[in-house]
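J.: Below is the sequence, then the predicted model.
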Amino acid sequence: MEIITHTYILHNMANNSRIRYSASIKRSVAAVVTAAATSLALIAVPATASAQDLATTSSTIQNDAREGAWVTRNQLQGQLENLGPAALPAKAAVDNAINGLFPGLVDEKLAAEEAATRAQAEREAAAAREAEAARIAAEEAARFDRGSCPAAADVCVDIDGGRTWLQDNGVVTYGAVPVSSGGVGQETPRGTFYINRKVKDEISYEFNNAPMPYAMYFTYNGHAFHQGNVATTSAGCVRLNQQDAIYYFNNVQIGDMVYIY
């Protein structure tokens, strides 16, 4: 193998004379070439090995040689880094030597390191976003007025405030969203109840088959959560906007506690 000795020119402000690389830099470049060449020599295996063993052993040694050359390359690059800009040609010579013995190895490893760095940065950014979202949620939860609704309730309804929300052990998971409730003489009952029945395409036989989509009954006297106009009073039911009625229907289960105050 022919090793080309690289030289560079430093412009001396006094006499503009030419000087060569220091012996340490040349020895560093020669070291990586020697180490890689030695690794390649180890690929030879006994002729008595079977074809399968030969292929397996050869592949293993080849991989080990590549990894060893990459480790040596990084060690030399680290040493050359301390020499500053003057070492740039020597660093390029090291990589050229590696690529000469293992074509594409440097680009392959550098690309893998760059991808790993990007992936790590993305994970850290995602973790930071999640932490910020959790912080904001915690602050909002601390400011949220739960009124007299107990932590044990799954669904809370604030009739005077015209709002409702879902919660889990006192932590709000959805809402608050607007509702309307019963008018004068048809007030929505207050207290603790439990969802006892759910009917997606319900109608009210009492009120001329009026539609009650996504109905969830919390009494046995016809009181239910359902989709409806939240701008007007009801006959005792708790009305929700469509998207909220759908969410409640999909996420509130029979037996869940409802607290209305």
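T.: Ah, there it is.
J.: Helix or strand for Leu166, just tell me which one.
T.: Element membership for Leu166 (DSSP states H and E) is strand 163-168.
J.: Please identify the buried residues of that strand?
T.: Arg163, Thr164, Trp165, Leu166, Gln167 (16 or more other Cβ atoms under 10 Å). Quick note: C-beta positions are derived from backbone N, CA and C, even for glycine.
J.: where do the helices sit along the stretch 51-200 of the chain?
T.: 51-81, 88-101, 105-143 (DSSP state H, counting those that start in this stretch).
J.: would JSON lines of the ones you listed with mean neighbour count, mean pLDDT and distance to Gly228 be doable?
T.: Output for the helices of the stretch 51-200 of the chain, formatted as JSON lines (neighbours: other Cβ atoms under 10 Å; pLDDT from 0 to 100; distance: least, Cβ to Cβ, whole Å):
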{"stretch": "helix 51-81", "mean neighbour count": "15", "mean pLDDT": "81", "distance to Gly228": "68"}
{"stretch": "helix 88-101", "mean neighbour count": "18", "mean pLDDT": "90", "distance to Gly228": "72"}
{"stretch": "helix 105-143", "mean neighbour count": "11", "mean pLDDT": "90", "distance to Gly228": "28"}
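J.: Ile254 is nearest to which of the ones you listed?
T.: Ile254 lies closest to helix 105-143 among the helices of the stretch 51-200 of the chain, at 27.0 Å (Cβ to Cβ).
J.: could you give the angle of that closest one to helix 88-101?
T.: Relative orientation of helix 105-143 and helix 88-101, computed by axes from the mean of the first three to the mean of the last three Cα atoms, to 10 degrees: 110 degrees.
J.: Packing partners of helix 105-143?
T.: For helix 105-143, the helices and strands in contact under the criterion 3 or more Cβ pairs under 8 Å, 6 or more residues apart in numbering; DSSP states H and E are helix 51-81, helix 88-101.
J.: which among the buried residues of strand 163-168 gets closest to Ala224?
T.: Each of those was checked against Ala224 using Cβ to Cβ; the closest is Thr164, at 13.0 Å.
J.: quick one, what contacts the closest one?
T.: Residues in contact with Thr164 (Cβ atoms under 8 Å, 6 or more residues apart in numbering) are Val155, Cys156, Val157, Asp158, Gly175, Ala176, Val177, Val179, Val238, Leu240, Asp244.
J.: which ones among the residues you listed are found in strands?
T.: Assignment to strands by DSSP state E places the following of the contacts of Thr164 there: Val155, Cys156, Val157, Asp158, Gly175, Ala176, Val177, Val179, Val238, Leu240.
J.: quick revisit: got CSV for the helices and strands packed on helix 105-143, with distance to Ala138 too?
T.: As requested, those are exported to CSV (distance: least, Cβ to Cβ, whole Å):
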stretch, distance to Ala138
helix 51-81, 44
helix 88-101, 50
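J.: rewinding a little: farthest pair in the buried residues of strand 163-168?
T.: Using Cβ to Cβ, the two most remote members of the buried residues of strand 163-168 are Arg163 and Gln167, lying 12.6 Å apart.
J.: Tell me the spacing between the residue nearest the centre of the chain and Ala119.
T.: Among the residues of the chain, the one closest to the centroid is Ala126, at 4.8 Å (Cα atoms, centre = their mean). Look at Ala126 and Ala119: by Cβ to Cβ, to the nearest Å, they are 11 Å apart.
J.: Number of residues surrounding Gly161?
T.: Counted with other Cβ atoms under 10 Å, residues neighbouring Gly161 total 13.
J.: got the contact list for it?
T.: Residues near Gly161 by Cβ under 8 Å, 6+ apart: Gly147, Ala176.
J.: what do you get for the one 4 residues further on?
T.: Contacts of Trp165 were listed using Cβ under 8 Å, 6+ apart, and they are Val155, Cys156, Val172, Thr173, Tyr174, Gly175, Ala176, Val177.
J.: And the buried ones among these, selectable in PyMOL?
T.: Typed into PyMOL, the line below selects the buried ones among the contacts of Trp165, using 16+ other Cβ under 10 Å:
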select buried, resi 155+156+172+174+175+176+177
